[in-house]
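> Any chance you can model this:
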Amino acid sequence: MIQTKLKGMGVALITPFKEDESVDYDALMRMVDYLIQNNTDFLCVLGTTAETPTLTQEEKKQIKQRVIERVGGRIPILLGLGGNNTRSIVDSLQKDDFTGVDAILSVVPYYNKPSQEGIYQHYKAIASATELPIVLYNVPGRTGVNMTAETTLRIARDFHNVIAIKEASGDITQMDDIIKKKPTYFYVISCDDGITYPLNTLGAVGIISVIGNAFPREFSRMVRLALKGDYPNARTIHHRFAELFKLLFVDGNPAGVKAMLNAMGMIENKLRLPLVPTRITTFEKIRAILNELNIRC
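A predicted model of the protein is given here:
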């Protein structure tokens, strides 16, 4: 089952840019190699962390094709395909080429602020348009509407190609309700690096990680230890990265992780408007913590 392949630490892959803000495809390929070589379990491509809203259709096509070719089937690929126009998503699912894609990540519709019934019908249309496995993505801080546990469970029970949810509501009680009441084939995946450890102790199966772009080996070890029930050693790694978790999103995502990767000499510290790099004060705090952790800067 594809569900089992989406356990552990997935990485929400960034999009590196050059100084002129064009996509740095060479750096992107180096990132893919780095992540695979350092125990990443799967890649989430063209998600929020990739600054997808700022990419052209041609850039998205190129990123998708190049990443699929570079990965070469070594680890699963979860492809972001969501929006607030249900017909457009359905049309893409029916017409686009998904060779090399293992599953689709589709966010709750944003800006429109649909009702719970509207959210259900949206995902019903998506699930009915494809045989590909679907991962729901609930992130009310970005979409303006929370998909309740009841709606999530209703979708999970009604459509067997809906296999998991990337839960970013920030509501541990809601997440725990889903974990307790879900069908056996449906998985809960953390979206927040800082709560991955406690959520895994409740029964989540891993994380689609932002900080994993920079520290795949260390963070995947924490996730794997937690999933094995070795909570003391997992907790030690969790605490080791606590300060970086705080800095990761203080100036927005992916500004924090791009600053980390830049300090490590891996990419240019460039984002596309309306996003901007971290403040100098944040960057220096990141650099200082990386030095304390004995990570190359």
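
> in stretch 59-73, what's buried?
For stretch 59-73, the neighbour count (16 or more other CB atoms under 10 Å) marks 59, 60, 63, 64, 66, 67, 68, 70, 71 as buried. Heads up, the C-betas are built off the backbone N, CA and C, glycines and all.

> Please flag which of the residues you listed sit within helices.
When DSSP state H is applied, these are split such that 59, 60, 63, 64, 66, 67, 68, 70, 71 fall in helices.

> At which residues are the helices of the stretch 1-150 of the chain located?
Applying DSSP state H, counting those that start in this stretch to the stretch 1-150 of the chain gives helices spanning 2-5, 25-37, 57-71, 86-95, 116-128, 140-143, 149-158.

> My error: substitute the stretch 151-297 of the chain in the last question.
Counting by DSSP H, counting those that start in this stretch, residue ranges of the helices within the stretch 151-297 of the chain are 172-181, 196-202, 216-227, 231-240, 242-248, 255-263, 280-292.

> right, so those helices: which one is the most enclosed?
Per-residue neighbour counts averaged over each of these give the maximum for helix 255-263, namely a mean of 25 (mean count of other CB atoms under 10 Å).

> Quick one: mean pLDDT over that helix.
Confidence for helix 255-263, expressed as mean pLDDT, is 96.

> returning to that earlier point: make TSV from the helices of the stretch 151-297 of the chain and add distance to residue 102 to it.
Putting the helices of the stretch 151-297 of the chain into TSV (distance: least, CB to CB, whole Å) gives the following:
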stretch	distance to residue 102
helix 172-181	22
helix 196-202	21
helix 216-227	18
helix 231-240	26
helix 242-248	26
helix 255-263	23
helix 280-292	32
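
> Let me know which of these is the nearest to residue 133.
The minimum distance between residue 133 and those falls on helix 172-181, with 17.5 Å, by CB to CB.

> Which strands or helices does that closest one pack on?
Here helix 172-181 touches helix 149-158, strand 162-167, strand 187-190, helix 196-202, going by 3 or more CB pairs under 8 Å, 6 or more residues apart in numbering; DSSP states H and E.

> With mean pLDDT and distance to residue 268 added, can I get the ones you listed in JSON lines?
As requested, the helices and strands packed on helix 172-181 are exported to JSON lines (pLDDT from 0 to 100; distance: least, CB to CB, whole Å):
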{"stretch": "helix 149-158", "mean pLDDT": "98", "distance to residue 268": "38"}
{"stretch": "strand 162-167", "mean pLDDT": "97", "distance to residue 268": "28"}
{"stretch": "strand 187-190", "mean pLDDT": "96", "distance to residue 268": "29"}
{"stretch": "helix 196-202", "mean pLDDT": "95", "distance to residue 268": "28"}
